[in-house]
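Engineer: Make a model of this:
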Amino acid sequence: MRDLVEYLAKALVENPDAVSVKVEEKDKLTVLELRVAPEDMGKVIGKQGRIAKAIRTVVKAVATKEGKKASVDIM
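Structural biologist: Predicted coordinates:
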């Protein structure tokens, strides 16, 4: 899942070198913290949060397929 989020974020931003994903395991939940450059934040969030919601939906689908729960936090 980490690679998926990193791949999607790098495809969206102007500065792909600034993209980093940190994974934290909390009980049965996997939390992925996505960090991008401040000037790329709008591109990752999108209008009214549509792109961020789409990223979260894809990650939840992959997690469900693996029998896990996951969430994406954009920092």
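Engineer: dump the residue contacts of the residue lying closest to L12 once chain neighbours are set aside.
Structural biologist: Using CB to CB, 6 or more residues apart in numbering and skipping the chain neighbours, the partner closest in space to L12 is K43 (5.1 Å). All C-beta spots, glycine's among them, are computed from the backbone N, C-alpha and C. By CB atoms under 8 Å, 6 or more residues apart in numbering, K43 lies in contact with L12, V13, E14, V36, I51.
Engineer: With E25 instead?
Structural biologist: With contact set as CB under 8 Å, 6+ apart, E25 has these partners: V31.
Engineer: what kind of secondary structure is it in?
Structural biologist: Three-state call for E25 (DSSP: H, G, I helix; E, B strand; the rest coil): strand.
Engineer: Give the bridge partners for it, please.
Structural biologist: Applying DSSP bridges to E25 gives these bridge partners: T30.
Engineer: do the same with R35
Structural biologist: Beta-bridge pairing of R35 under DSSP bridges involves S20.
Engineer: Next, count neighbours for it.
Structural biologist: R35 has 15 neighbouring residues, counting by other CB atoms under 10 Å.
Engineer: repeat for A70
Structural biologist: By other CB under 10 Å, 19 other residues sit near A70.
Engineer: go on, R2?
Structural biologist: 13.
Engineer: isn't it right next to L32, touching?
Structural biologist: Yes. Counting by CB atoms under 8 Å, L32 is a contact partner of R2 at 6.4 Å.
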